[in-house]
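[1] give me a model of this one.
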Amino acid sequence: YLKGVQRFDAAEIPQPENLSQTLLDLMGSPNLGSRDWITSQYDQTVRTNTLVGPGSDAAVVRVKGTRRALAMTSDCNHRWCYLDPRAGAAHAVAEAARNLSCSGARPLGVTDCLNFGNPENPEIMWQFREAIRGMGDACRALGVPVVSGNVSFYNETRGQAIHPAPVVAMVGLLEDASTRLESGFPSAGLTLLLLGDAGEPSIAASEYLAQIHGREAGAPPPLDLEMEKRLGELLRGLAGRRLLASAHDCSDGGLAVTLAECCLVGPVAVGAHIRLPEYERADAALFGEASGRVLVAVVPAQEADVAETARQAGVPCTRLGTTNESGRVRIEGPGDHGLVDLALDDLQRAWSAALPEMLE
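    I've put the predicted structure just below:
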């Protein structure tokens, strides 16, 4: 089936006339909307040890009586795993490790929950085999062992199997809990940098393509595991030196969704203004997806130090813009061409209402 679903030509996809509305639609979609409707219904404090709760790239829990803390995250992009099971499963491991590094934690180990359809179907069994191979590729490259897991087969309704979903849960360690990072921008007046490749990502296999255009097609983006390893080491080193104010993995929904999330999930809502590098398609620059990208906020006085450290690590570093007190998210293209201009209140309403409107 891969030949059919991976066949994709971006030129056939029309670009939206209103990119601001497109961002609102994505923020209010089931896969990207706030999970607060769920997480607010259970105890998040873990015997008063929770340092970072739901909403960041990883939860962080202190190890009482020590300076240490454990960071925890889980990941799986079922669409990528359907379009390429081996690549999709490898991406799940890489993103989990990246999320831990965004919190300042060193990945320690993986457990998994491998969810598939009927293994008596050769196609499903092939998906299962390829997913395991992909997880193995990434775990070996990143030096993270799989310590436990389980398998759930026969997930079907009327003979229709779910997309393969090898969910990866990963635990990491912070030697000093006070160096932990969160996703949200903590204040105005910070410089925003993109760590990782700033080239134009693809809309193939993206959340944007599925939600806005109703298509699941194309192949997942390329995954450079050596770059992922360097990026993780860089993030943990910068966090340990207290050079970052926040860090957020750029994944589902692309850079525009990542920026909006960072503006909304901090201690207070913070505005932002960024300018994108050259691009061929505005929708790809905003909502296209790629691996190995992290949006970080830094104090302006430390921007040069962060950029030089990234250069020495072999990780691209691109200045995008700043945080501010405007109460808006503004994204421009080259030549001050306006692409997105939205009030934080409108983004918050769309993002917060995603699950309640669907479930209540």
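[2] so how far is residue 10 from residue 21?
    20 Å (C-beta to C-beta, to the nearest Å). The C-beta positions use only the backbone N, C-alpha and C, and glycine is treated the same way.
[3] and if you look at residue 77?
    According to C-beta to C-beta, residue 77 and residue 10 sit 19 Å apart.
[4] could you say which helix or strand holds the residue lying closest to residue 142 once chain neighbours are set aside?
    Nearest non-adjacent residue to residue 142, counting by C-beta to C-beta, 6 or more residues apart in numbering: residue 97, 5.2 Å away. Element membership of residue 97, judged by DSSP states H and E, is helix 85-102.
[5] residue 127 now?
    Judged by DSSP H and E, residue 127 forms part of helix 122-142.
[6] need the contact partners of that helix.
    For helix 122-142, the external contacting residues (C-beta atoms under 8 Å, 6 or more residues apart in numbering) are 1, 81, 85-94, 97, 107, 110, 112, 114, 116-119, 145-146, 151, 153, 161, 164, 166, 168, 223, 225-226, 228-229, 232.
[7] stretch 327-343 now?
    For stretch 327-343, contacts defined as C-beta under 8 Å, 6+ apart pick out 19-20, 23-24, 256, 259-260, 263, 269, 271-279, 282, 285-286, 344-345, 347.
[8] buried only: go through those for me.
    19-20, 23-24, 256, 259-260, 263, 269, 271-276, 279, 282, 285-286, 344, 347 (16 or more other C-beta atoms under 10 Å).
[9] picking that back up, so the residue nearest to residue 142 touches residue 231, yeah?
    No. Applying C-beta atoms under 8 Å as the test, residue 97 and residue 231 come out as separate, 9.4 Å apart.
[10] just to revisit the earlier point, what pairs with the helix or strand that comes right after the helix holding residue 127, parallel or antiparallel?
    Note on helix 122-142: by DSSP H and E, the next helix or strand toward the C-terminus is strand 146-152. Sheet pairing of strand 146-152 (DSSP bridges) gives strand 106-115 (parallel).
[11] tilt between the strand it pairs with and helix 122-142?
    Strand 106-115 runs at 180 degrees relative to helix 122-142, counting by axes from the mean of the first three to the mean of the last three C-alpha atoms, to 10 degrees.
[12] flag every buried residue along strand 106-115.
    Buried residues in strand 106-115, counting neighbours by 16+ other C-beta under 10 Å, are found at 106-108, 110, 112, 114-115.
[13] what does it rub up against?
    93, 96-97, 100-101, 128, 131-132, 135, 139, 142-152, 155, 162, 164-174, 232, 236.
[14] for that strand, give the mean pLDDT please.
    Strand 106-115 shows a mean pLDDT of 98.
[15] off-centre distance for it?
    Its chain's average C-alpha position is 17 Å from that of strand 106-115, according to C-alpha atoms, centre = their mean, to the nearest Å.
[16] kindly report the same for stretch 32-48.
    19 Å.
[17] what comes up buried for it?
    32-34, 36-37.
[18] repeat for stretch 155-173
    Result for stretch 155-173 [16+ other C-beta under 10 Å]: buried residues 161, 163-173.
[19] repeat for stretch 211-225
    In stretch 211-225, counting by 16+ other C-beta under 10 Å, buried: 211-213, 215-221, 223-225.
[20] which of residue 77 and residue 10 has more neighbours?
    Taking other C-beta atoms under 10 Å, residue 77 and residue 10 do not tie; residue 77 has more neighbours (23 against 16).
[21] contacts only, for residue 192.
    So residue 192 contacts 259, 272, 274, 295-297, 319-323 (C-beta under 8 Å, 6+ apart).
[22] 6 Å - rerun?
    Residue 192 makes contacts with 274, 297, 320-321, as judged by C-beta atoms under 6 Å, 6 or more residues apart in numbering.
[23] same list, the residues you listed, but as JSON lines with distance to residue 308 and pLDDT please.
    Putting the contacts of residue 192 into JSON lines (distance: C-beta to C-beta, whole Å; pLDDT from 0 to 100) gives the following:
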{"residue": "274", "distance to residue 308": "22", "pLDDT": "98"}
{"residue": "297", "distance to residue 308": "17", "pLDDT": "98"}
{"residue": "320", "distance to residue 308": "18", "pLDDT": "97"}
{"residue": "321", "distance to residue 308": "20", "pLDDT": "98"}
